[in-house]
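*Asks:* coords please:
(3 chains)
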Amino acid sequence: MTDRPTIDRTSHLELEQHEKTFLDSNELIINMGPQHPATHGVLRVILKLDGEKVLGTECVIGYLHRGVEKIAEHRTYTMFNPYVDRMDYVAAVSNGLGYCEAVEKLLNVEAPRRAQYIRVILTELNRLASHMLWLGTHALDIGAITPLFYTFRDREEILKIFEKYCGARLTTHAFRIGGCSYETYEGFEREVKKFLDFVTPKIDEYEELLTTNRIWLERTKDVGKISAKECIALGVTGPVLRASGVKWDLRKAQPYAAYSDFDFDIPVGENGDTYDRYIVRMQEMRQSLRIIDQAIGKMPDGPIMAKVAKVMKPPVGEIYHSIEAPKGELGYFIVSDGSTQPYRVRVRPPSFVNLQALDMMVRGALVADVIAVIGTLDIVLGEVDR
Amino acid sequence: MLDYITSYLKSDTTPGSAGNMFWAFVYIVLIFLGLSVAVIAMNWLERKILAHMQVRLGPMRVGPHGLLQPIADALKLLIKEDIMPAEADPWVFWMAPLIVVITAFTVFIVVPFGPTHAVTDMNIGVLFMLGVSSLSVLGVVMAGWASNSHYPLMGALRSSAQMVSYEIAMGLAVISAVLMTSLNKEGVGTLSMIGIVQAQQAYERGIEVAERRGDRQAANEMRVFVKRLARAAAADQKSKED
Amino acid sequence: MIARLRGQNGSGLRETNTYLGQKYIVADSSLIPELLQVLRDQEQFDYCVDITAVHYPDREKQFEVVWILYSFPHNERIRVKASYSETDSVPSSVPIWPAANWLEREVFDMFGIPFDGHPDLKRILLPDGWKGHPLRKDYGIIQQDQEWVQINLGIESGQ
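*Replies:* Numbers count the residues shown, from 1 in each chain, chains lettered A, B, ... in the order given. As a prediction, the model looks like this:
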């Protein structure tokens, strides 16, 4: 290995300067490297510690950068659709929903009612799956090993439904521009209803394990507090913002894809600490169940694909469309120059902007709290790096 | 020959107090074997029970239901290469696990398995137990420091903080048992482990007297108290073994 | 609101329009820092959703930097666009919205547009020593910084 230039990454952190004596070495720079079991993906966090107290952090990202935005400029709109799933690979269906809706807006096409209902059902199932994965891995990082097994076992049922619908469990490519390409399979409603009955007591089980658990409370109360003003200033969205007290959800504020037909609540927390984020996400899971229940009940008949040209050439213009992904506000900014390939696709990733808040949330906390906060921000590196 | 053995089983002093090296050695070997078997069993139990709580099976292949798994693990560890990091201090690094294990086993010298069946009965038995078990923290810190690297150091500091915080609660629990030993006729307490066991027997006699007098409630209360004392003492030993 | 902004800035605002229901403002690059400050303070656009850029190599001012802002009280989104040439540097919005920190770093990384007044402007997604700015139109789709790859990874080429 040849010499690598040493880069001082921490010079910008405003840290207390002691008078330098030769015994003065109580600041420790530790690298939570890209390979780490508790940083959900390849994330590198450089910690400057005073014993166990964190004085400052810096995140180094980009280990999973695949150049998705550059690829988009060399693919047609339909060809780019599968790439979009791979960004937030945990909630692939939401990514697809955002992209398809953005391009549909550009083309001035609206998906038919039945397609919108199918989209809502699959997206909410995916929200459930994403939150279950979040719960399992977050609890695992904090030390509670059991919820991981329980949530993954229940997540299997959701993935089975996805597999029956579109053939893939994780990167589903479920939607097409203009609607859905697959009709719901025989027995879809029955299976989803069975799943709803199956999973409601399971969510109660997770709550029973963790919500009033003394150890969980000690590990998560008052850890990683962020106030509403700081959230808004840092651009943090999603359950993190809602746990800080701001009652804002894109599904209610700027409804898209038939969400205005359904009746559901937005859970809001008070303190903005890790425990509140946990409660908000658990409540969101229950609200998702409500939405799926209503959607299955009211599913209209009709076509599932709107009339869209085979070769799509949206008129010159640009559009920004965002949806409420399980992690936050996922936005697509698409610039079209009238040809079959987009001129620029910009994905506004919620995890990327949420991860900025890590430094602020963790100053003055202990090392163990860094892990808890990374888990509670619910980042997926595929989305952070694209 | 048989009489020789049984005469010692009926003796009224412990081998250590009697100065009998042979029997003390026998007791030590028995304790060592017993503890090892207990640790092996606990290892298997932990893996199986945790696995079943987590909707999975645990070790199933090695022996019926994984019963030979701990032995397989022990064999594997024994034949592994000892890795010494280049920057580490070799002697301290090698000594650290020795200290932890030695202190954990040494504590069992004073633990009685019968009215006179301990390796030795010091009259400062409890103090000896608490003191020697605290030495294991030293072993952990030595391991962290000798590795000459940030991450083991942080881990060792956290581990030692955890062990030290256990000792406070443990000491308080033990002291409550010691306080009760002063409730005998002379009004003099003792720190010796056999003395604590005998003080427990005072409770049993007290329970008998209460039953004879027909005082059910006092008898039940005393019985519960004795059970809780026994449980607290057992918990101390387990936490030191881990 | 548009009328207010127009009244204040007059000719600086080149165009304010609505396309497909989304409002946008095309402004002069000299107007940008005050315009963004006014938008946050008076018009209550307190949430900076995104900062991005588009590269138009055929235009005289090649880069068009786009700020997408959202206002919680009004539940309204707006896009502010301004054009910059290759040698211009854009005033940083970090003093206005701290969210802009990483967003501007990414624009710098991908396009090479420097931001004035950014506290820590360095590459974020690509390695620190990488040369080239991938999202520009003159950067090939499978092009890589071969020198960096050879020095740091020890292989001939990333392809």
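*Asks:* contacts only, for residue A:130.
*Replies:* Neighbour list for residue A:130: A:90, A:91, A:94, A:326, A:327 [criterion: CB atoms under 8 Å, 6 or more residues apart in numbering or on different chains]. All C-beta spots, glycine's among them, are computed from the backbone N, C-alpha and C.
*Asks:* tell me the spacing between the last one and chain B.
*Replies:* Distance check for residue A:327 against chain B: by CB to the nearest CB, to the nearest Å, it reads 27 Å.
*Asks:* what's the local residue count around the nearest residue to that residue once chain neighbours are set aside?
*Replies:* The shortest distance from residue A:327 to any non-neighbouring residue, by CB to CB, 6 or more residues apart in numbering or on different chains, is to residue A:350 (4.3 Å). By the criterion of other CB atoms under 10 Å in any protein chain shown, residue A:350 has 28 neighbours.
*Asks:* distance between stretch B:142-157 and the chain's centre?
*Replies:* Stretch B:142-157 sits 26 Å away from the centroid of its parent chain (CA atoms, centre = their mean, to the nearest Å).
*Asks:* quote the end-to-end distance of it.
*Replies:* Start-to-end span of stretch B:142-157 (CA to CA, to the nearest Å) is 10 Å.
*Asks:* quick one: the residue nearest to residue A:327 and residue A:322 touch, right?
*Replies:* No: if you go by CB atoms under 8 Å, residue A:350 and residue A:322 don't touch, sitting 9.3 Å apart.
*Asks:* joint contacts of these two?
*Replies:* Contacts common to residue A:350 and residue A:322, judged by CB under 8 Å, 6+ apart, are A:329, A:330.
*Asks:* what about chain C, any weak spots by pLDDT?
*Replies:* Along chain C, segments meeting pLDDT under 70 span C:1-13, C:158.
*Asks:* how about the strands of it, start to end?
*Replies:* Shown for chain C, the strands assigned by DSSP state E span residues C:13-19, C:22-27, C:47-55, C:63-71, C:76-84, C:90-91, C:115-116.
*Asks:* which outside residues touch the longest helix seen in chain C?
*Replies:* Counting residues, the longest helix found in chain C (DSSP state H) is helix C:100-111. Contact with helix C:100-111 is made by A:69, A:235, A:352-353, A:355-356, C:48, C:50-53, C:55, C:63, C:65, C:92-94, C:113-115, C:118-126, C:133-136, as judged by CB under 8 Å, 6+ apart.
*Asks:* ok, which of these also contact chain B?
*Replies:* When CB under 8 Å from any CB of the partner chain is applied, no member of the contacts of helix C:100-111 is adjacent to chain B.
*Asks:* ok, of those residues, which come out buried?
*Replies:* Neighbour counting by 16 or more other CB atoms under 10 Å in any protein chain shown classes A:69, A:235, A:352-353, A:355-356, C:48, C:50-53, C:55, C:63, C:65, C:92-94, C:113-115, C:118, C:121, C:123-126, C:133-136 among the contacts of helix C:100-111 as buried.
*Asks:* which stretch of helix or strand covers the residue in the stretch 1-150 of chain A that chain B sits nearest to?
*Replies:* Nearest residue of the stretch 1-150 of chain A to chain B: residue A:149, at 4.2 Å (CB to the nearest CB). Using DSSP states H and E, the element containing residue A:149 is helix A:146-166.
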